[in-house]
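Visitor: Sequence plus predicted model, see below.
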Amino acid sequence: MEKNNTVAFPQAKSLTGADTVKGFFRFVLRELKPKGKILTPFNVISALIILGGLILIVIRFAYGLGSITNLSQDYPWGIWIGFDVVTGVAFAGGAYTLCFVVHILNFKKYEPILRATVLNGFLAYCFYAGALLLDLGRPWNVINPIIGNAFGYSSVLFLVAWHFLLYTFCQFVEIFPAVTEWLYWPKVRKYAKLCTTGAVIFGITLSTLHQSGLGALFMMASNKIHPLWYSGNIPILFFVSSVFAGLSMVIAESTISHRVFQDQISPSHHASFDDILLGMAKGALGALFAYFFLKVIDFVHGGHWALLNTPMGYWYLVEIIGGIVIPIVLFTIAILKNNVRLVQVTAIITALGVILNRLNISVIAFKWYSVNRYYPSWAEVWVTAAVICMEIWAFRWIVSRMPIMREHPAFPDEENAPHKETEVVQWKVSAS
Amino acid sequence: MTISRRNFLKVAGAAGGVLLAGGQKPAQAAVPDADPKGLEFYGMLIDTTKCIGCRSCEEACNEKNKLAKPDVSFSSETVFEKKRDTTPEAFTVVNKFPNPKDPEKPIFVRKQCMHCNQPACATACLVKALEKTPEGPVKYNKDRCMGCRYCMVSCPFDAPKYEYNSNMPYLKKCVFCFDKVKNGEQPACVEACPEGASFFGKRRELLEIARQRIYQNPDKYHPYIYGEHEAGGTSMLFLSSVPVEKLDLRMNVGNTSYPEKTTGFLYAVPHIFILWPTFLFGLSYLTHSKDKENGHGEE
Ligand code: SF4
Ligand code: SF4
């Protein structure tokens, strides 16, 4: 362990160089070089996807949105908004949920995956904001609502945009201690740590508002969304679903990164991993239940019984049963039987259900009556894939350099006593 | 009764004329104190029973807004074969509908931005590129627009159209010839209308006229003024001889104003901003103080 970490963080010993500006840049330049094997299948395929995506983006800016997307006067928003932003942000909800559990409720058990989750959330927001810029007709004017060239306070989008910005900043503050450890800036780290609680509380507040705000965006489209999906409760539904969307994404994502970054993970974390996943499954189950009841109440209040026996009604049932009822059942079984594998499978089903729900509201049940339906063009799908690949690259770059999954040897987590299993060890260390 | 109403209209019209002639600015500034409702909105009464489908309004709009010339000339009747929607190059279009009352005389209906009293689009726009003017027109400040198209998502009438095939795209829709209206002139389409089927005036007066027409010709008019209450009221008011749903005028928009749909959410925001952090701080204090006690015990 010890040895491993010193190899991973050579600067921990020899890094007084980063104190000077020149040394800092030399250090960053060195770190920019890729580590590990370059010609892996994943690298080759994702590089091709990204390359193609970049070409498509050039075409899009040269000839307008119509050149590569299937957007139309009937469908002003396609999957770049509906999937990249509306769905992606829901998945990034894991970061604030976990922050709440660890920092506010003080459940130390989940601490080992906190940094990776927040990093994921942060990168997600950065890349979604990027994807959003692609979708804007005049992206350079995006500074208007920020610099205050006519604030449209009354706009939900204004609120969402600002919260996006502020929350991304909060997440950066939350992840910043890892950066200071990487650069070996102990002094800065101390102050950065002080800001964390503030950032967490502010961040959770912002998340609540913009997760529900994303739903509120569609409230003025009340006459365009199929009645089975439209409801005055959309903001609350979006908020609650972001909890289980985020948690199931964390389960799925940490399962994968546990394999990929196996060498970085300490044995004690490894041992507690199953426990962590089961705990998150419980959280997701609770949120799913709440969501299910909200949906039922909505449905009964709306009096939409007759609509169920229509094609859109069957589609609605697919979403409700496949995306909510089945996950509820499976999560329950998994928790009762301590079946981690099943938790992982269910998390993926839940995530698919959330994708379905978000796409329904933003694209499929939106203008469901329209003759000219929208289907994403291959180019839109390609660019979306490219954005995801870029995000994975960025995540991997950071994780293999900064103390995200592992602990930095020079900065054992002194003020936060780690989770149960290692408590005794920690205590001994501090006593000696 | 009608006579007194007419007189009243004359007086009101004269007052309006005076307002327009004598500097509008001071009046605009003074009005809010005197009248909380502010300036009266202008509107357009579109009497489909008078429209002959000559498309003069389309042509005038095209010239006024310097839009690209269409492939089919404005005098051609072939365009009526298909139902058309407005486009970035046509801010208003005339469509033809069969007349159940008199098959010989088809009904022609214009389509354009409705200039809602409380427009969804202006509320949606986060940079105030779309703005409801005190005169009534919903104008467009193209330099502010960032092309998010949230206005298109929000507009219940799908009026805003977007230039998808441009790398410097703008939003396109009827702006009620705001520059002309501001100077007391009529919009180009109204000026061009040979039949008076599009009629310009104060919205309140137009409603009076519309009611009067229905009242005086109960056989000719279907007793409904489309736009009086739709989406909280619009500046465009339609009269017709048949129920309006036969004329592609949307009946599913409801009567409440669209911005109201989001106010509940927006009003909750400040509350959440105060309640959440307080709650979170408190909770965090509680959970962590227990922690410290335990720590002390161990030491
Ligand atoms: S019809 Fe649509 S674009 Fe026109 S004012 Fe109303 S909301 Fe705005
Ligand atoms: S597209 Fe332009 S006008 Fe429409 S909401 Fe966005 S910024 Fe405003």
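Guide: Structure's in. What do you need? Treat the numbers as computed from the prediction; the structure is a model and nothing was measured. Ligands and ions are numbered 1, 2, ... in the order given.

Visitor: quick one, helices of the stretch 51-200 of chain A?
Guide: A:79, A:88-91, A:93-99, A:111-135, A:144-147, A:156-183, A:186-216 (DSSP state H, counting those that start in this stretch).

Visitor: so for stretch B:154-163, what's the average pLDDT?
Guide: Taken as a whole, stretch B:154-163 has a mean pLDDT of 93.

Visitor: can you dump the C-alpha coordinates of it into PDB?
Guide: Below are the C-alpha coordinates for stretch B:154-163, written out as PDB (Å, rounded to 0.1, in the frame of the first residue of the first chain):
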ATOM      1  CA  SER B 154     -42.900  27.600 -24.200                       C
ATOM      2  CA  CYS B 155     -45.100  29.400 -26.700                       C
ATOM      3  CA  PRO B 156     -48.500  27.800 -26.600                       C
ATOM      4  CA  PHE B 157     -49.100  28.800 -30.200                       C
ATOM      5  CA  ASP B 158     -45.800  27.700 -31.600                       C
ATOM      6  CA  ALA B 159     -45.200  31.100 -33.100                       C
ATOM      7  CA  PRO B 160     -41.500  31.600 -32.800                       C
ATOM      8  CA  LYS B 161     -39.600  30.100 -35.600                       C
ATOM      9  CA  TYR B 162     -35.900  29.500 -35.800                       C
ATOM     10  CA  GLU B 163     -33.200  29.800 -38.600                       C
END
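
Visitor: That stretch vs ligand 1: in contact?
Guide: Yes - on the criterion Cβ under 6 Å from any ligand atom, stretch B:154-163 is in touch with ligand 1 at B:155, B:157, B:159-160. Heads up, the C-betas are built off the backbone N, CA and C, glycines and all.

Visitor: Show the buried residues in these.
Guide: If you count burial by 16 or more other Cβ atoms under 10 Å in any protein chain shown, the buried members of those come out as B:155, B:157, B:159-160.

Visitor: Quick check: buried residues in stretch A:308-321?
Guide: For stretch A:308-321, by 16+ other Cβ under 10 Å, it's A:312-313, A:315-316, A:319-320.

Visitor: Same check on stretch B:266-278?
Guide: Applying a neighbour-count criterion of 16+ other Cβ under 10 Å, one finds B:266, B:269, B:276 buried in stretch B:266-278.

Visitor: Let's have those in CSV, adding distance to ligand 1 and pLDDT.
Guide: Below are these laid out as CSV (distance: Cβ to the nearest ligand atom, whole Å; pLDDT from 0 to 100):
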residue, distance to ligand 1, pLDDT
B:L266, 18, 87
B:V269, 23, 86
B:W276, 33, 87
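
Visitor: Looking at those residues, spot the one nearest A:S241.
Guide: B:W276 (18.7 Å; Cβ to Cβ).

Visitor: Including distance to A:F238, could the residues of stretch B:154-163 next to ligand 1 go into JSON lines?
Guide: Formatted as JSON lines, the residues of stretch B:154-163 next to ligand 1 follow (distance: Cβ to Cβ, whole Å):
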{"residue": "B:C155", "distance to A:F238": "22"}
{"residue": "B:F157", "distance to A:F238": "26"}
{"residue": "B:A159", "distance to A:F238": "27"}
{"residue": "B:P160", "distance to A:F238": "25"}
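
Visitor: farthest-separated two in these?
Guide: Going by Cβ to Cβ, the pair spanning the residues of stretch B:154-163 next to ligand 1 furthest: B:F157 and B:P160, at 9.2 Å.

Visitor: overlap in contacts of those two?
Guide: B:C113 (Cβ atoms under 8 Å, 6 or more residues apart in numbering or on different chains).

Visitor: Output the below-cut-off pLDDT ranges for the chain.
Guide: All of this refers to chain A. A:1-20, A:148-149, A:409-410, A:412-432 (pLDDT under 70).

Visitor: nope, chain B
Guide: For chain B (pLDDT under 70), the answer is B:1-39, B:290-299.

Visitor: State the distance from B:D179 to B:M236.
Guide: From B:D179 across to B:M236, the span is 19 Å (Cβ to Cβ, to the nearest Å).

Visitor: OK, contacts around the residue nearest to the spatial centre of chain B?
Guide: Centroid check for chain B by Cα atoms, centre = their mean gives B:H115 as the closest residue, at 1.6 Å. By Cβ under 8 Å, 6+ apart, the contact list for B:H115 reads B:43, B:136-138, B:174, B:176, B:234-236.

Visitor: Among those residues, find me the one that's closest to ligand 1.
Guide: When the contacts of B:H115 are ranked by distance to ligand 1 (Cβ to the nearest ligand atom), B:V138 comes first, at 4.0 Å.

Visitor: and that closest one, how many neighbours does it have?
Guide: Using other Cβ atoms under 10 Å in any protein chain shown, the number of residues around B:V138 comes to 27.

Visitor: ok, now which ones touch it?
Guide: B:113, B:115-116, B:119, B:121-122, B:130-132, B:175-176.

Visitor: and what of A:F127?
Guide: A:387-388, A:390-391, A:394.

Visitor: With A:M249 instead?
Guide: Contacts of A:M249 (Cβ under 8 Å, 6+ apart): A:91-94, A:347, A:351.

Visitor: ranking the residues you listed by neighbours, who comes first?
Guide: A:G94 (31 neighbours).

Visitor: ok, now which ones touch that residue?
Guide: Counted by Cβ under 8 Å, 6+ apart, A:G94 has contacts A:117, A:120-121, A:245-247, A:249-250, A:253.

Visitor: Next, the contact list for the residue of chain A found nearest chain B, please.
Guide: Nearest residue of chain A to chain B: A:G137, at 2.0 Å (Cβ to the nearest Cβ). When contacts are counted by Cβ under 8 Å, 6+ apart, A:G137 is found next to A:65, B:145-149, B:162-163, B:169-170.

Visitor: and the helices of the stretch 51-200 of chain A as CSV, adding distance to B:C193?
Guide: Converted to CSV, the helices of the stretch 51-200 of chain A look like this (distance: least, Cβ to Cβ, whole Å):
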stretch, distance to B:C193
helix A:79, 43
helix A:88-91, 48
helix A:93-99, 54
helix A:111-135, 39
helix A:144-147, 38
helix A:156-183, 37
helix A:186-216, 41
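
Visitor: which one of these lies closest to A:I59?
Guide: Closest approach to A:I59 among the helices of the stretch 51-200 of chain A is made by helix A:111-135 (11.3 Å; Cβ to Cβ).

Visitor: List the buried residues in that closest one.
Guide: Those would be A:111-129, A:131-132, A:134-135, for helix A:111-135 by 16+ other Cβ under 10 Å.

Visitor: chain center to that helix, what's the gap?
Guide: 5 Å (Cα atoms, centre = their mean, to the nearest Å).

Visitor: Any residue of that helix touching ligand 2?
Guide: No - legend: contact between helix A:111-135 and ligand 2 by Cβ under 6 Å from any ligand atom is lacking; minimum distance shown is 10.8 Å.
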